[in-house]
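> Pasting the sequence and the predicted model now:
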Amino acid sequence: METGNFPVITVQTRVDASLEETWNRWITPEDVMAWNHASEDWVCPAATNDLRVGGKFNYRMEAADGSMGFDFEGEYDLLEPMKTIGYFLSDGRKVRIHFSRERDLTVVTESFDAEGENPLEMQRFGWQCILDNFRKHVEF
């Protein structure tokens with residue numbers, strides 16, 4: 001599946017928590033700062049989130065040793081509470097996150113336009129690691 005010039009990558013996790021708790025932990029800046037990193041040598045020291053169509057978010061990502069960092073930011077273009085979040089990143093790539101129930105679990109599926117600098121598998125792995133950290137944060 002492709003959107004524009006970018007291949008679309010999809011990652012998914014199943015969270016042992018209610019849909020409401022899972023949703024709230026995804027959108028609350030204090031929670032985002034706790035789970036939004038791909039590995040222990042990265043941190044998210046700041047997060048802002050204006051969750052509404054036309055609203056913006058900014059998650060500061062930094063190496064734990066302070067050697068580098070970047071802002072992960074975008075603008076929301078789709079919002080269906082407890083179901084779907086859509087946004088465009090500052091570089092124009094599209095992201096869609098879907099929340100659903102499967103038996104006693106909440107399924108979080110995230111699809112995003114790949115960027116052109118890093119291999120697709122590296123991008124998939126990094127986003128999956130962040131999603132796995134989210135699951136761990138909600139469950140523990």
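It's in.

> so after the least confident helix or strand in the chain by mean pLDDT, what's the next helix or strand?
Comparing every helix and strand of the chain by mean pLDDT, DSSP states H and E singles out strand 2-3 as the least confident one, with a mean of 42. Sequence order places strand 6-15 as the next helix or strand after strand 2-3, per DSSP states H and E.

> what are the pairing partners of that next one, and which direction each?
strand 2-3 (antiparallel), strand 105-113 (antiparallel) (DSSP bridges).

> Looking at those strands, which one is packed in the most?
Ranked by mean neighbour count under mean count of other C-beta atoms under 10 Å, the strands paired with strand 6-15 are led by strand 105-113, which reaches a mean of 19. C-beta: built from backbone N, CA, C; applies to glycine.

> Can I get it as CSV, trimmed to CA atoms?
The C-alpha coordinates for strand 105-113 follow below in CSV (Å, rounded to 0.1, in the frame of the first residue of the first chain):
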residue,chain,number,x,y,z
LEU,A,105,-7.6,-6.6,24.8
THR,A,106,-7.3,-3.2,23.2
VAL,A,107,-5.6,-3.3,19.8
VAL,A,108,-3.6,-0.3,18.7
THR,A,109,-2.7,-0.3,15.0
GLU,A,110,-0.4,2.5,13.7
SER,A,111,0.2,3.1,10.0
PHE,A,112,2.6,5.7,8.8
ASP,A,113,4.2,6.9,5.6
